[in-house]
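*Asks:* The sequence isn't on hand, but the structure is:
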Ligand SMILES: [Zn+2]
């Protein structure tokens, strides 16, 4: 099986991959508190694992390479618990722009920004909006827990979707970093599972920013007691499969349709 990890390859191997039309996955994540039982690298580690597995699945159809994970994400809402390294929106945007531009300058034309942290979702979309007109590449942004949401709903027992340091993330970390999961008292950790609107909403549809402390006392949202490694393996594979399907689907990368026709009012459109 061909190498898919950018950081492990030589420069000429990466030049060959650009020449071969490879997709680049640029994972973006966070270093932030994940309760008393998981390390702060959780989103970074899981984002890397899902991206590498997706690349190995997709490379049967077209070459894929996974850039190093951008661990520096937007985690202001987790700062009150300690251990969290957040950056400003301006820094995040500048960093992703610079990395996307560097990747595109090497000739890669299809770039998948693969996000593994909820706090990055809005900014990721804004960055894609802004850069799509500026960079000579097609940019697609995805959050794997959303892309695989249907599969995850079937696997999870106590939660409808992946939350935080929860049944799902704890299960996947039991596979990726078993020595770093403190499973000594998972039964006491369930928190943040209250019914009703989430901590970032108000009224019927309004958005209100609040810290994560509005939702949970110990930094956990969900029930880690339901986690096990078998479930974690299923979830890692489901996330990777969802990303692989996205990558190999030609429609993901096809240019936008231009339905304008010749012109209106007798005046042609600028091309
Ligand atoms: Zn997480």
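*Replies:* In hand now; what should we look at? All of these numbers come straight from a predicted model, not from anything done at the bench.

*Asks:* wait, residue 260 sits on residue 269?
*Replies:* Yes - here residue 260 reaches residue 269: they are 5.1 Å apart, a contact under CB atoms under 8 Å. C-beta: built from backbone N, CA, C; applies to glycine.

*Asks:* chain center to stretch 216-226, what's the gap?
*Replies:* Chain-centre distance of stretch 216-226: 21 Å, with CA atoms, centre = their mean, to the nearest Å.

*Asks:* right, is it up against the ion?
*Replies:* No - with CB under 5 Å from the ion as the criterion, the ion is not reached by stretch 216-226; the gap is at least 9.4 Å.

*Asks:* And for stretch 253-268, what's in contact with it?
*Replies:* 23, 110, 138, 140, 269 (CB atoms under 8 Å, 6 or more residues apart in numbering).

*Asks:* between those, which has the most around it?
*Replies:* Neighbour count (other CB atoms under 10 Å) singles out residue 23 as the most crowded of the contacts of stretch 253-268, with 27 neighbours.

*Asks:* Could you check how far that residue is from the ion?
*Replies:* 25 Å (CB to the ion, to the nearest Å).

*Asks:* tell me the contacts of that residue?
*Replies:* Residues near residue 23 by CB under 8 Å, 6+ apart: 58, 62, 63, 64, 65, 108, 110, 111, 112, 247, 253.

*Asks:* The contacts of stretch 253-268 in strands, which ones?
*Replies:* Among the contacts of stretch 253-268, the members falling in strands (DSSP state E) are 23, 110, 138, 140.

*Asks:* can you pull the buried residues of stretch 103-120?
*Replies:* For stretch 103-120, a neighbour-count test (16 or more other CB atoms under 10 Å) marks 103-104, 108-120 as buried.

*Asks:* How about that stretch and the ion, touching?
*Replies:* No - using CB under 5 Å from the ion, stretch 103-120 stays clear of the ion, with a minimum separation of 6.2 Å.
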